[in-house]
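Colleague: show me the folded form of this:
(3 chains)
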Amino acid sequence: MNIPTTYLLALSGVMFTLGVLGVLIRRNTIVIFMSIELMLNSANLAFISFARQFSELPGQVFVFFVIAVAAAEVAVGLALIVTIFKTRHSIDIDQINKLRG
Amino acid sequence: MSIDVIIFLGLAAVAIASAVSMLISRNAIYSAIFLVMNFITVAVLYLLLNAAFIALVQVTVYAGAIMVLFLFVIMLLGAEHVETSRKLPWQLPVALIFGLILVGEFGLMLYTRMDVLAESVQSVVEGFGSPASVGSELFRTYLIPFEITSVLLLVAMVGAIVLSRNERKESR
Amino acid sequence: MASIEVGVNGGLFSFAPLIIFLPILGLLINIIVGRRFGERFTGAVACTAVGLSFAVAVLQFIALRGHPEGVNVMVADWITIGTLDVAWSLKIDTLSVAMVLMVTGVSTLIHIYAVGYMHEDVRFQGDPGRYTRFFVFFNLFVASMMVLVTANNFLMMFVGWEGVGLCSYLLIGFWFEKGEDGIGNAVAGKKAFITNRIGDFGFLIAMFLVFWQFGSLEFDQVFTSAQAAGAAVGGVATAITLFLLLGATGKSAQIPLFVWLPDAMAGPTPVSALIHAATMVTAGIYMIARNHVLFELAPFSSTMVAIVGGATALFAATIAVGQFDIKRVLAYSTISQLGFMVAAVGLGAYVAGMFHLVTHAFFKALLFLSAGSVIQGIEHGHHHIEHGKEATGPPFDPQDMRNMGGLRSKMKITFWVYLIGALTLSGIPPLAGFFSKDEILADASHANPAVYWLLAIAAFFTAFYMGRQILMVFFGKPRSEAAAHAMENPPVMTVPLIALASLSVLGGILNLPGVHSLTDWLHHTLEHVHAGEFNFIVAGFSTLLALLAITLAYLIYGRTKMKKGEPDPLRKILGPIFVGMHNKWWVDELYDLLIIRPYVALAAFFADIVDWRFWHDWFHDSVLARGFRGLAWWLSQAFDLRVIDGIANGLADVTKGVAARLRTLQTGYVRNYALSVFAGVILVLGYFLFR
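Modeller: Alright, predicted model coming up:
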């Protein structure tokens, strides 16, 4: 498949930006979490693109690790969200402002 | 415009559309479904980019396990909707402006480096990215990180269990 | 004047430092272990130390016969500053050895006597523990005197000079808690010390002048350069010698600084003997003799010395007539006799002065120790009767001659030795005092008639008051119970008396007319000495005067027996003059009025007005304290509170204000934080992009 790497990176960048916007705009903690997964996904896409660009297999191996770490992250993160929900009965990120100075 | 590019543009359009839909869906369930759609689209792209193994991992782990977990938690908590209270009125416009700037920067960066990337595209060897080659790379060169990853997953599992269990004794 | 330096291998001379170090060793032993081994040990150590010192002095005498020009015995380097180079070097010549022999010899006898006397005295005064202390002071006294006498420079002499002053203070105030009002003895010691200080001031000034003029403090160098300069330094020499005279008047109790000596009777009797006879008071005469070169360059000073000596001799003799205290009579007698010596050295008759110094040391030590014997005999008697009855009436004074009388039969040895001493002092031939006093009178008769007449009249009074004393003490009937029960003292006290009596009798042999052994001896040190020719007219006249005075005394005191409580018969004859004599011509009162009162007033003015009111009240309290308080107030209120605290509080306020504004950034909203992070990412990315 002959797609310029630039295109792939552009798609990756757009998806990353959308993930960032999701983090910044959405107030649902779970959706914010999903946005983070989207950002990781866009980064993975960039890795795969470069792996093909330079014929380097470690790029794909790295993606494998990223996915593994993301799985762990999601497991812990969702557990945290559940715990927070149990105490505050909300997953609105704006309700969690105990750190206000 | 080659067929490849047309296919890519189609996939890219689906991916971006699903991402935007995830972003703007009011219902978290919908967001999760759109994200699964995005993941699958990206997995197709992986397949086209000589990364069959990663594509399969993406579908099974991400779109399968992780997103099922998300859906499970959303439904468990009944947190599909979050009431709309405008506490940070200027957050949305600022975020949008910043997002545009970021996209602009990405674009500028790609535009200035485009020639380098176009010229140095190399032909991909046979079997590049196949499960066999990736597996052999994983268990040879990256054996120790791989094992550490397994430990990490174990730790995450224990952590999740500890965090979410009911600890009555702790309440004083 | 040329004397050789002697190092370690100087034969007998190398033992010379032992003269000083033996008494010091003795006192060190007594300080360390004296109390532990008791009185016998202490006394033995002290006497042995001084006795050995005398023996060493005899060795020096023998050595000097081979080297009559004298030597310097180096002991130690002392001070070397620029051109000032003072070594502790002993000057062993005929003059100093004569002094050393006399001092150590007489001191040894006084020490032996003191062993017995102090044994009684410490018990009578009620503190036997001070026995050791007494002998420590005693040995120190002898050591200081040796330092003074053997010094070969002014500074070392000054050390000894001060040393004997210190020891006199310590010993006069030995029973410091006794005496008038409980501090009388201490006051007497203080008086001696302060009066001596005035003289020491003169000595110090003289020493400075010597160094300023001659650039050295060593006797030999000073005298050599002084002789070389001759009349050119006459003015300075006059100043030096006048200041030296002031020093001598302090130490040797001359007008006007004699007032301390009678009060020095406050010390135990052996102390009086030691001060009066052997050590301290002779220092002034010795010093003048030692500096004879300078005095010869200053005729005016010499004349002054002679006049001071003559005046003192007569003045003190008249006072002695009016005293009732047995030791006070002897004290004024000492002053008078010292006047003789000073007059002699002032007239250039150094040998006569030294001769009289030596014989006087014998018979005055004898008289004092005998007086001590009398006093202790009376005390014994007093104790004897005290056992029987209650003490009533005024406190008994064992030194008052009015309480004595008729002791001749009670204390035979004491009587005879006292009589010998008195006759020697009176100048009856052929006793020692006759020869020495007559030599002075003979020299005075053709050197300075005025001084001669002063001395002759003084000699008359001397014979009179000694006759009076003998008659009052030993003849007649006892005028008190104590005197009636008086008893003789043990041999440890009487044997030294007998020894001294023999010396008093035979002392004249030292410089018999025609033999002049002392003159020849001292000739090596004192040039220009002339063998005083025996003047029969002078001698006959003075003998006649003495006999006349004794006869007169017998007529007044001996013929009619004095009764108890009866006033002195002389009181009726002389009237107010006797009152004047008795009251020491009010010299103490005069000094009190002229010097001490204004001085105390001035001191009070300084203390009360200047120091207290001005310095404390005004300057310290008003200026310093208030100023400081004001400054402190300003610092605390204005400076500290406003500026320092202002800075500190200002910093705190600024921090607080900044924090109050900054804390609003901490909205607590995770999305805000994420936005900030995002802004950071954009900035960093932009930086990489556009750098």
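
Colleague: hey, where'd the strands end up in chain C?
Modeller: C:4-6, C:71-81, C:84-92 (DSSP state E).

Colleague: from the ones you listed, which stretch is densest packed?
Modeller: strand C:84-92 (a mean of 21; mean count of other C-beta atoms under 10 Å in any protein chain shown). Every C-beta, even on glycine, is put in place using the N, C-alpha and C of the backbone.

Colleague: just give me the residue closest to the centre of chain C.
Modeller: Among the residues of chain C, the one closest to the centroid is residue C:165, at 3.4 Å (C-alpha atoms, centre = their mean).

Colleague: one step back: nearest to residue C:289, out of the strands of chain C?
Modeller: strand C:84-92 (12.7 Å; C-beta to C-beta).

Colleague: so how far is that closest one off the chain centroid?
Modeller: Strand C:84-92 sits 23 Å away from the centroid of its parent chain (C-alpha atoms, centre = their mean, to the nearest Å).

Colleague: check stretch C:504-519 too.
Modeller: The answer for stretch C:504-519 is 29 Å, by C-alpha atoms, centre = their mean.

Colleague: tell me which parts of the stretch 551-691 of chain C are close to chain B?
Modeller: Within the stretch 551-691 of chain C, the positions adjacent to chain B are C:669, C:671, C:672, C:675, C:678, C:679, C:681, C:682, C:685, C:686, C:689 by C-beta under 8 Å from any C-beta of the partner chain.

Colleague: pLDDT below threshold where in chain C?
Modeller: Counting by pLDDT under 70, the ranges of chain C that qualify are C:1-10, C:278, C:386-395, C:514-515, C:527-534, C:559-575.

Colleague: what's the longest helix in it?
Modeller: The longest helix of chain C (DSSP state H) is helix C:350-386.

Colleague: go through that helix and flag the buried ones.
Modeller: Neighbour counts over helix C:350-386 (16 or more other C-beta atoms under 10 Å in any protein chain shown) mark C:350-382 as buried.

Colleague: does residue C:541 touch residue C:459 like I think?
Modeller: No. Using C-beta atoms under 8 Å, residue C:541 is not in contact with residue C:459; the gap is 9.7 Å.

Colleague: more neighbours: the two, which one.
Modeller: Per other C-beta atoms under 10 Å in any protein chain shown, whichever of residue C:541 and residue C:459 has more neighbours is residue C:459, with 30 against 16.

Colleague: kindly provide the distance from the more buried one to chain A.
Modeller: Going from residue C:459 to chain A by C-beta to the nearest C-beta, to the nearest Å gives 116 Å.

Colleague: any weak-confidence spans in the chain?
Modeller: No chain in the question, so chain A it is. A:1, A:99-101.

Colleague: chain B is the one I meant
Modeller: Applying pLDDT under 70 to chain B flags the ranges B:1, B:79, B:82-87, B:118-124, B:167-172.

Colleague: same thing but 80
Modeller: B:1, B:79-89, B:113-127, B:129, B:164-172 (pLDDT under 80).

Colleague: was I right to think residue A:48 contacts residue A:63?
Modeller: Yes. Assessed by C-beta under 8 Å, residue A:48 is found in contact with residue A:63 at 6.1 Å.

Colleague: show me which of the residues of the stretch 551-691 of chain C next to chain B neighbour chain A.
Modeller: Within these, those near chain A by C-beta under 8 Å from any C-beta are C:669, C:671, C:675, C:678.

Colleague: so residue C:86 makes contact with residue C:156?
Modeller: Yes. The criterion here is C-beta under 8 Å, and residue C:86 meets it with residue C:156 at 7.2 Å.

Colleague: shared neighbours, those two?
Modeller: Taking C-beta atoms under 8 Å, 6 or more residues apart in numbering or on different chains as the criterion, residue C:86 and residue C:156 both touch residue C:78.

Colleague: show me what contacts the closest residue to residue C:352 other than its chain neighbours?
Modeller: Once flanking residues are discounted, residue C:352 sits nearest to residue C:439: 4.1 Å by C-beta to C-beta, 6 or more residues apart in numbering or on different chains. Residue C:439 sits next to C:344, C:349, C:351, C:352, C:355, C:356, C:511, C:532 when contact means C-beta under 8 Å, 6+ apart.

Colleague: these two touch, right, the fourth one and residue C:440?
Modeller: Looking back up the chat, that one is residue C:352. Yes. Contact status for residue C:352 versus residue C:440: in contact at 4.7 Å, counting by C-beta under 8 Å.

Colleague: need the overlap of contacts for those two.
Modeller: residue C:344.

Colleague: what is the burial count for residue C:234?
Modeller: Residue C:234 has 16 neighbours, counted by other C-beta under 10 Å.
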